[in-house]
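In: sequence first, predicted model second:
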Amino acid sequence: MRKIIYISALVGLIVSYGFTTIQTADNCDKKALSEACKKKLEDYKYDSQKYSKINFTDRNVQMEVELPVFIGEKYRLIFNTSSLPKPILITVYSKSKESTKRVPIYTTKDAAAGTTEFVFDAPRVRNMYIDYDVPKEDKDKLSGCVIFMVGYK
Amino acid sequence: MFTRKKMLVVKSVLFVASAVFMVSCGNNEAAKEETDSKSVVKEDTTATAEVPETSYSLPSPLQIASIFKKSGLKYKSDLTSQMRDPSKYTSSLSKSLNLGVYSGDLSYCVMNKQSQEAMKYMKLCRSLADNLGMGSVFEEANLSKRFEKNLENEDSLAYIIAELQMVTDMYLDENDQQQITSIVFAGAWIESMYIGSKVYEKGKDKSLNNKLAEQMNILGSIINALKAVEKKEATIASLITDLKSIKDIYDALPSIKNAVDAADSDKPMSLTDDEVASLTKRISELRTKFVNGN
């Protein structure tokens, strides 16, 4: 009887651990997100991609990804936010935060509500800085992920 | 007897409950720490006073080869890395670096229609990827077989390599091995710069000079990307030191010191022949070190 109880406890522990892990995962199907972005590349060649885990907390958060690019190349950036429980603001700059001449070259600010795929054909720049502004969430602890894929030609 | 059994059940339940509690607390802490390390919390999204910690997305070896090709870089068979037995590389760092070196050679061969050589480098890449435990990426969408079938079609090969890069990026991300992505790219970058600078030595082509200077701009991003994953692999520190030695030479070059906002300018940059030679010397030393597995 004691053995059965211990085995039950052990099984319970394993199941509970697995359940807890799944619960705290970001619930992102990365492969599906990549495939969705790839379709939007069209005649651009794949160059790179970057997933970012997004946690909505009780405070506003900003994240930045630096993307070095080369003069003379044509770039397409594809963002997919379909794995996020609520929208975030995406802004792309050509200069770093230290630059006094920093202005956005792309923003999702005016995108139609519910849009989760964004395609940006970049102008001639040497660097791109992608900022994610994550709004605060007071009630629930939410999380998800955002991906961007880069193509060039 | 019943009481004893009951006590045992209660103990077991308490044990499981406390274990679950600890696991969930641990995960929350980890999640919290991850958030804290990657981002900066600010009270107002419109405020820009605080600078967020930055992550990096590096380009692919194929793009570097493509850029050099567009600048007129010719194929020289004696410049690519000697094909060595991949088992010679024993550490994770040397395996990853040389996977990058061979990826750079593979891209250079493909961009210059050297299909048979490309096939050899493809096999070496596969072997090193196997050693790193990621050989399965070559099986994805029949990439290896498609590569062999399209050996005479440069465009198709380039798209297959781009797809291989995508599958590799996904694999490494899924397995939380992003540090390998950065190390592989560092190896590919060194190899591409070695080939580019050696070809420049002979031809002194101005367009190639501009591209070599432009490539130096991303070295800072490579170093920062490696710093961001340094905690995952202790040996990355030595690679950072090596790459920084090139950047120190570059930053001290008169053409760079005298250029205003060189990193932000969209005008082509040029280096003198002596300046390229000093960079070439250090790049060659490091390339030798990497391919020798040191």
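Out: Done, it's in. Numbering: from 1, shown residues only, chains lettered A, B, ... in the order given.

In: quote the end-to-end distance of stretch A:89-108.
Out: 6 Å (C-alpha to C-alpha, to the nearest Å).

In: show me how far it is from its chain's centre.
Out: In terms of C-alpha atoms, centre = their mean, to the nearest Å, the centre of stretch A:89-108 is found 17 Å from the chain centre.

In: quick check: buried residues in it?
Out: For stretch A:89-108, burial by neighbour count (16 or more other C-beta atoms under 10 Å in any protein chain shown) applies to A:I90, A:T91, A:V92, A:Y93, A:S94, A:K95, A:I105, A:Y106, A:T107, A:T108. Yep, even glycine has a C-beta here, placed from its N, CA and C like the rest.

In: so A:D133 sits in a strand?
Out: Yes: counting by DSSP: H, G, I helix; E, B strand; the rest coil, A:D133 is part of a strand.

In: that one - nearest residue in space that isn't next to it in sequence?
Out: Excluding its sequence neighbours, the residue lying closest to A:D133 (C-beta to C-beta, 6 or more residues apart in numbering or on different chains) is A:L89, at 4.0 Å.

In: any regions of chain B where pLDDT drops low?
Out: B:1-53, B:260-266 (pLDDT under 70).

In: oh, that last question was meant for chain A, not what I typed.
Out: Where chain A drops to pLDDT under 70, the residues are A:1-26.

In: show me the strands in it, by range?
Out: Along chain A, the segments classed as strands by DSSP state E run A:45-56, A:60-68, A:75-80, A:89-93, A:104-107, A:117-121, A:127-134, A:142-152.

In: other SSEs contacting the first one?
Out: It stands for strand A:45-56. When contacts are defined as 3 or more C-beta pairs under 8 Å, 6 or more residues apart in numbering or on different chains; DSSP states H and E, strand A:45-56 packs onto helix A:30-41, strand A:60-68, strand A:127-134, strand A:142-152, helix B:2-38, helix B:61-70, helix B:154-174.

In: list the contacts of the first one.
Out: Outside helix A:30-41, the residues within contact range by C-beta atoms under 8 Å, 6 or more residues apart in numbering or on different chains are A:46, A:49, A:51, A:76, A:78, A:80, A:82-83, A:117, A:119, A:145, A:147-149, A:151, B:166, B:170, B:173-174.

In: how far does that helix sit from the chain's center?
Out: What separates the centre of helix A:30-41 from the centre of its chain is 13 Å, taken as C-alpha atoms, centre = their mean.

In: and that helix, what's buried?
Out: By 16+ other C-beta under 10 Å, the buried positions in helix A:30-41 come out as A:K30, A:L33, A:S34, A:A36, A:C37, A:K38, A:K40, A:L41.

In: and if you look at the fourth one?
Out: Neighbour-count burial for strand A:142-152 flags A:S143, A:G144, A:C145, A:V146, A:I147, A:F148, A:M149, A:V150, A:G151, A:Y152 (criterion: 16+ other C-beta under 10 Å).

In: so which of these are also by chain B?
Out: Among the buried residues of strand A:142-152, proximity to chain B is found for A:S143, A:F148, A:V150, A:Y152 (C-beta under 8 Å from any C-beta of the partner chain).

In: quick one: residues contacting the last one.
Out: This means A:Y152. When contacts are counted by C-beta under 8 Å, 6+ apart, A:Y152 touches A:Y44, A:K45, A:D47, A:E73, A:K74, A:Y75, A:R76, B:P59, B:Q63, B:S66.

In: next one: A:Y44
Out: By C-beta under 8 Å, 6+ apart, the contact set of A:Y44 is A:K74, A:Y75, A:R76, A:G151, A:Y152, A:K153.

In: what's the answer for A:D43, then?
Out: Contacts of A:D43 by C-beta under 8 Å, 6+ apart are A:K153.

In: quick check: phi and psi on the spatially most central residue of chain B?
Out: The centroid of chain B falls nearest to B:F185 when counting by C-alpha atoms, centre = their mean (2.2 Å). With angles defined as degrees, to the nearest 10, B:F185 sits at phi -70, psi -40.

In: for burial, what's the neighbour tally of B:Y108?
Out: 30 (other C-beta atoms under 10 Å in any protein chain shown).

In: that one: what secondary structure?
Out: helix.

In: quick check: closest non-adjacent residue to it.
Out: Excluding the flanking residues, the one nearest B:Y108 by C-beta to C-beta, 6+ apart is B:A65, at 5.1 Å.

In: that neighbour contacts B:M111, correct?
Out: Yes: the pair B:A65 / B:M111 is scored as a contact, 4.7 Å apart, by C-beta atoms under 8 Å.

In: those two: which has the busier surroundings?
Out: With neighbours defined as other C-beta under 10 Å, B:A65 and B:M111 compare such that B:A65 has more, 28 against 23.
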